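A.B. asks: with the input below, show me the fold.
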Amino acid sequence: MSSGSSIGGDSSGSAGGKGCSGLADKDKQKEKARVSRTSLILWHAHQNDAAAVRKLLEEDPSLVQARDYDYRTPLHVASLHGWIDVAKCLIEYGADVNAQDRWKNTPLADAEGAKKYGMIELLKSYGGLSYGQSGSHFEPKPVLPPLPNKCDWEIDPSELDFSNSAMIGKGSFGEILKAHWRGTPVAVKRILPSLSDDRLVIQDFRHEVNLLVKLRHPNVVQFLGAVTEKKPLMLITEYLRGGDLHQYLKEKGSLSPSTAINFALDIARGMAYLHNEPNVIIHRDLKPRNVLIVNSSADHLKVGDFGLSKLIKVQNSHDVYKMTGETGSYRYMAPEVFKHRRYDKKVDVFSFAMILYEMLEGDSPLSGYEPYEAAKYVAEGHRPLFRSKGFTPDLRDLTEQCWAADMNQRPSFLEILKRLEKIKENLPADHHWNIFNS
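C.D. replies: Numbering: from 1, shown residues only. A predicted model of the protein is given here:
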């Protein structure tokens, strides 16, 4: 507990809760002395009096963690003013370099806001991190690009050619356009100018960029760069000419088992890569619209749109993440997400089952229901009915396991890959399926 928060609580308790006034007076005196020492060390830190700070710490080393009513420590005070000697003394006595005040600012955030460069170096050398609102003692600084250094992926917006651009998608955050960058067709996610100052939108944008920068896989849409230093903020990825799986299924209807399995293998490969431990990326919005087709011959698929994804560091493979809430699209949503329960990476396996079902049936799962009603129906324990002859017993078993109500019963994507490969080996040649599907 901080000194600041205990000041208000203990003094009132000691005044009314003791039978003996002598004891109460002693407690009051102790508390007064404690408060005055807290004020003293903060004052001396403010005054750049390293000798006085050291003397106080020699008498009472616990004062290094003293806090005022705004939960600011002596190190916060020294960092804001750039008093190096005071900071060194406090760190020597075990000051928490990443203590947060009531604005959630660390000492380093204060030093950066006040442009105290010597202090910034000192705090960083002791593991200081910069986070918080940066709004306690100075104007909030503009949100920095996703990574602190000038990145080789930062794109100058003048290099983007929108002269023959076409709208690919639209959302509440902005729009996705086909444009050209250095002569190459690209997909550009452009944040609405009106939202370019919205802290949460910027935070989500930075999060998605930070995530995409790390991804390299043939079944994951390739990030090319971003515009983070000028407005509007933009995220640039490769443009895939084949469109998305949703549109493809709308035009083609049900797929032959061999095509559906090949598509499922591509999706599962991309997802197995994303789910690789210890840095697991949970997609949380896996659906046909977010599965993209590389070209018009539709021989290769990639998983895209990581706007809702979460990067989780896993301690062990049985971790359940403390994430709740309706995230993603209702029709493909796992029941535990709809019910606001704790969930893990197996939510993506459930969504995968729904996509596999749609590829073989040629119709979206529970198409007779509105999306929200479909999710509710699924959360109550129901599942779509198998109608297509394309569902071999093996494929049906796999789909049922992937959408199991108990997420622990669902296989991992690595297991799914093994099983799909086996099913593919045992499939009869495609022309036999025409007899069943005619």
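A.B. asks: residue contacts, Gly362?
C.D. replies: Shown in contact with Gly362 (CB atoms under 8 Å, 6 or more residues apart in numbering): Leu249, Lys252, Gly253, Ser254, Leu255, Ser388. All C-beta spots, glycine's among them, are computed from the backbone N, C-alpha and C.
A.B. asks: packing partners for the longest strand seen in the chain?
C.D. replies: Counting residues, the longest strand found in the chain (DSSP state E) is strand 160-170. When contacts are defined as 3 or more CB pairs under 8 Å, 6 or more residues apart in numbering; DSSP states H and E, strand 160-170 sits against strand 174-181, strand 184-191.
A.B. asks: part of a helix, is Thr237?
C.D. replies: No. Per DSSP: H, G, I helix; E, B strand; the rest coil, Thr237 lies outside any helix segment and is strand.
A.B. asks: could I get the helices and strands packed on strand 160-170 as TSV with distance to Arg396 and mean neighbour count?
C.D. replies: What follows is the helices and strands packed on strand 160-170, written out as TSV (distance: least, CB to CB, whole Å; neighbours: other CB atoms under 10 Å):
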stretch	distance to Arg396	mean neighbour count
strand 174-181	36	19
strand 184-191	36	20
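A.B. asks: dump the ones you listed into TSV; add mean pLDDT and distance to Arg67 as well.
C.D. replies: As requested, the helices and strands packed on strand 160-170 are exported to TSV (pLDDT from 0 to 100; distance: least, CB to CB, whole Å):
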stretch	mean pLDDT	distance to Arg67
strand 174-181	89	41
strand 184-191	91	38
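A.B. asks: which of those strands sits closest to Asn290?
C.D. replies: Closest to Asn290 of the helices and strands packed on strand 160-170, according to CB to CB: strand 174-181, at 11.6 Å.
A.B. asks: so which elements touch that closest one?
C.D. replies: Counting contacts by 3+ CB pairs under 8 Å, 6+ apart, the secondary-structure elements packed against strand 174-181 are strand 160-170, strand 184-191.
A.B. asks: pLDDT weak spots in the stretch 1-150 of the chain?
C.D. replies: 1-35, 133-150 (pLDDT under 70).
A.B. asks: run through the strands of it in chain order.
C.D. replies: Remark: no strands are assigned in the stretch 1-150 of the chain by DSSP state E, counting those that start in this stretch.
A.B. asks: for stretch 383-392, the distance to its chain's centre please.
C.D. replies: In terms of CA atoms, centre = their mean, to the nearest Å, the centre of stretch 383-392 is found 35 Å from the chain centre.
A.B. asks: distance between the ends of that stretch?
C.D. replies: Start-to-end span of stretch 383-392 (CA to CA, to the nearest Å) is 18 Å.
A.B. asks: what's in contact with it?
C.D. replies: 254-257, 260, 354, 357, 360-362, 365-366, 396, 399-400, 403, 423, 427, 433, 436-437.
A.B. asks: picking up where we left off before, the helices and strands packed on strand 174-181 into JSON lines, with extra columns for distance to Ile41?
C.D. replies: Below are the helices and strands packed on strand 174-181 laid out as JSON lines (distance: least, CB to CB, whole Å):
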{"stretch": "strand 160-170", "distance to Ile41": "54"}
{"stretch": "strand 184-191", "distance to Ile41": "45"}
